[in-house]
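A.B. asks: Structure here, sequence nowhere to be found:
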């Protein structure tokens, strides 16, 4: 019988030897690098991390294509492929997510902040659902006409707009209530959420053709900025998890 051995795939025992003999001592000498690698590993456990990284590539490539790489050539073609493939990747990562968002909806809002959040979360669930339909159509699993695809794309942009727009007044009000005694980490998170929601509102409005609108380069730039903030949010969440793990480990060792 034929036995398939993947190339460059050493036995697990050899991998363990490499880790024990080389990597582990190095990480002990450099605890900062060890901690950073643990944070990266924790962040990459979530689909959100891959979505935000892909979004950064998608919008960053789109911005370069309309501002720097305006002449036809190999580099422009490469970035065009990056833009299109990352867009498809993000649609794959959204597959089935409307179920989880729908099940976590707070259907009993008690404050106008909660109403804003409910509208946002409901729109996000519908956005995911429409994106799943678009992906199925692009793969040929669902036959749709060009006009139907345009309608689905418009609905996707519409639901995205109403996912980010309601969060602008909510977080603007929360930030207006913050003072020197407020938790700095919480205020920082609220500031980032407000910035993302406000900027992405302009991006979604541009995609829907709402006037007055930002220019296309500005649209791509805003999308790139909010994507980078999103990556930073994922990093902070992973960092908090690693810190909690270290604290738990320290308590056990005492």
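C.D. replies: Structure received. Given the structure is predicted, the values throughout are model-derived calculations rather than measurements.

A.B. asks: Which residue is the nearest non-sequential neighbour of the residue most central in space within the chain?
C.D. replies: Closest residue to the average C-alpha location of the chain: residue 52 at 2.9 Å, with CA atoms, centre = their mean. Closest residue in space to residue 52, ignoring its immediate chain neighbours: residue 230 at 4.0 Å, by CB to CB, 6 or more residues apart in numbering. Just so you know, the C-beta spots here come from the backbone N, C-alpha and C atoms, and that holds for glycine as well.

A.B. asks: Tell me how many other residues crowd residue 149.
C.D. replies: Neighbourhood size, residue 149 [other CB atoms under 10 Å]: 14.

A.B. asks: ok, back up a step: report whether the expected contact of the residue nearest to the centre of the chain with residue 235 is present.
C.D. replies: No - the pair residue 52 and residue 235 does not pass the contact test of CB atoms under 8 Å, sitting 9.6 Å apart.

A.B. asks: Can you name every helix or strand that the one helix or strand residue 53 maps to contacts?
C.D. replies: Assigned by DSSP states H and E, residue 53 belongs to helix 47-67. Packing partners of helix 47-67 (3 or more CB pairs under 8 Å, 6 or more residues apart in numbering; DSSP states H and E): helix 74-93, helix 216-253.

A.B. asks: Go through that helix and flag the buried ones.
C.D. replies: Going by neighbour count (16 or more other CB atoms under 10 Å), the buried part of helix 47-67 is 48-65.

A.B. asks: Likewise for stretch 160-174?
C.D. replies: 160, 161, 162, 163, 164, 165, 166, 167, 168, 170, 171, 174.

A.B. asks: excluding its backbone neighbours, what's nearest the second one?
C.D. replies: So the one you mean is residue 161. Distances taken as CB to CB, 6+ apart place residue 204 nearest to residue 161, at 3.8 Å, with adjacent residues excluded.

A.B. asks: Let me know the pLDDT of that neighbour.
C.D. replies: In the prediction, the pLDDT value recorded for residue 204 is 94.

A.B. asks: ok, it - contacts?
C.D. replies: 157, 160, 161, 164, 165 (CB atoms under 8 Å, 6 or more residues apart in numbering).

A.B. asks: Closest to residue 33 out of those?
C.D. replies: Closest to residue 33 out of the contacts of residue 204 is residue 164 (36.3 Å), distances taken as CB to CB.

A.B. asks: With residue 141 as the reference, measure out to that closest one.
C.D. replies: Residue 164 is 29 Å from residue 141, where distance means CB to CB, to the nearest Å.

A.B. asks: related to what we said a few turns ago, could you export the helices and strands packed on helix 47-67 as a markdown table, including distance to residue 35, mean neighbour count and mean pLDDT?
C.D. replies: Formatted as a markdown table, the helices and strands packed on helix 47-67 follow (distance: least, CB to CB, whole Å; neighbours: other CB atoms under 10 Å; pLDDT from 0 to 100):
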| stretch | distance to residue 35 | mean neighbour count | mean pLDDT |
| --- | --- | --- | --- |
| helix 74-93 | 27 | 15 | 87 |
| helix 216-253 | 7 | 16 | 90 |
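
A.B. asks: Can you tell me which of those helices is nearest to residue 109?
C.D. replies: helix 216-253 (24.2 Å).

A.B. asks: Okay, residue 198 and residue 167: tell me how far apart.
C.D. replies: 9 Å.

A.B. asks: now swap in residue 246 and tell me
C.D. replies: Counting by CB to CB - residue 246 and residue 167 are separated by 32 Å.
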